[in-house]
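In: Got a predicted model here, sequence first, then my questions.
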Amino acid sequence: MRRFDPVQAAAVGIAAVAALLVAGGLGLSLFGALDQSGWIAVAVAGAVAVLVAARDPGRRAVPALLATVAFGLVVAAVALARDSALDHERRTAFTQLWLVQRSAAGRTEVGVRNEEQRAIVYRLRIAGPRGAPPLVDRTLQLGSSQAWSQELVIPAGERPEQVTAELYRPGDATPYRRAHVWTSQRP
């Protein structure tokens with residue numbers, strides 16, 4: 001009869017926990033249940049599986065204890081990672097501005113997306129080629145996670161010139177975001 005080796009039992013217990021967590025995570029993902037209650041169910045099922053797998057009742061104590069500790073650590077780590085990710089998402093605030101040429105004929109898309117976690121009124125100004133009036137000078141009111149876009153035509157010039165879109169937040173004299181494109185050259 002083999003002697004009980006606590007180090008081997010610990011290694012087997014930790015490996016079993018890791019394998020069960022990977023399988024449990026894949027199963028939760030498959031059923032769209034990657035949340036705290038899903039992970040708690042996986043932890044309970046894993047602890048039960050480790051207890052059932054131990055054949056000798058006298059030897060169940062150490063693997064069961066190790067499995068319980070490992071599952072507890074994993075559940076705590078998942079909860080901490082989830083809370084940290086949610087907190088980061090709540091604190092992340094930004095606005096996207098784009099100005100993309102879609103054709104050589106000057107067709108260009110301009111767009112703004114508000115990810116500031118609140119509604120904001122922006123001022124969008126697109127300066128035309130040198131000496132031309134602004135192509136766009138308007139106010140945009142966007143709710144949280146709302147986007148606005150529009151197609152415009154930037155006229156070709158004698159030589160390529162830079163066209164700049166500037167986005168201002170309320171009360172700011174300095175642009176919050178800038179984007180540039182170049183005009184086409186007339187043939």
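Out: Happy to help now that I have it.

In: Tell me which other helices or strands the helix of greatest length in the chain touches.
Out: Of all segments of type helix in the chain, defined using DSSP state H, the longest is helix 61-91. Here helix 61-91 touches helix 6-30, helix 36-53, going by 3 or more Cβ pairs under 8 Å, 6 or more residues apart in numbering; DSSP states H and E. No exception for glycine: its C-beta is placed from N, CA and C like everyone else's.

In: Just to check, Gly143 is in contact with Ala119?
Out: Yes: with contact defined as Cβ atoms under 8 Å, Gly143 counts as touching Ala119 (4.6 Å).

In: Send me stretch 12-32 as PDB with only the CA atoms.
Out: Extracted in PDB, the C-alpha atoms of stretch 12-32 (Å, rounded to 0.1, in the frame of the first residue of the first chain):
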ATOM      1  CA  VAL A  12      -3.200  16.800  -7.800                       C
ATOM      2  CA  GLY A  13      -5.800  19.000  -6.100                       C
ATOM      3  CA  ILE A  14      -4.500  22.200  -7.700                       C
ATOM      4  CA  ALA A  15      -4.300  20.600 -11.100                       C
ATOM      5  CA  ALA A  16      -7.800  19.200 -10.800                       C
ATOM      6  CA  VAL A  17      -9.100  22.600  -9.800                       C
ATOM      7  CA  ALA A  18      -7.400  24.300 -12.700                       C
ATOM      8  CA  ALA A  19      -8.800  21.800 -15.200                       C
ATOM      9  CA  LEU A  20     -12.300  22.100 -13.700                       C
ATOM     10  CA  LEU A  21     -12.100  25.900 -13.900                       C
ATOM     11  CA  VAL A  22     -11.100  25.900 -17.500                       C
ATOM     12  CA  ALA A  23     -13.800  23.400 -18.400                       C
ATOM     13  CA  GLY A  24     -16.300  25.400 -16.300                       C
ATOM     14  CA  GLY A  25     -15.400  28.700 -17.900                       C
ATOM     15  CA  LEU A  26     -15.800  27.200 -21.400                       C
ATOM     16  CA  GLY A  27     -19.200  25.800 -20.400                       C
ATOM     17  CA  LEU A  28     -20.300  29.100 -18.900                       C
ATOM     18  CA  SER A  29     -19.200  30.900 -22.000                       C
ATOM     19  CA  LEU A  30     -21.100  28.500 -24.200                       C
ATOM     20  CA  PHE A  31     -24.400  29.100 -22.200                       C
ATOM     21  CA  GLY A  32     -23.800  32.900 -21.800                       C
END
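
In: where are the low-confidence patches of the protein?
Out: With pLDDT under 70 as the threshold, the chain has low-confidence stretches at 1-2, 4, 47, 50-67, 89, 186-187.

In: about what we covered before: next, format the helices and strands packed on helix 61-91 as CSV and append mean neighbour count.
Out: Formatted as CSV, those follow (neighbours: other Cβ atoms under 10 Å):
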stretch, mean neighbour count
helix 6-30, 14
helix 36-53, 16
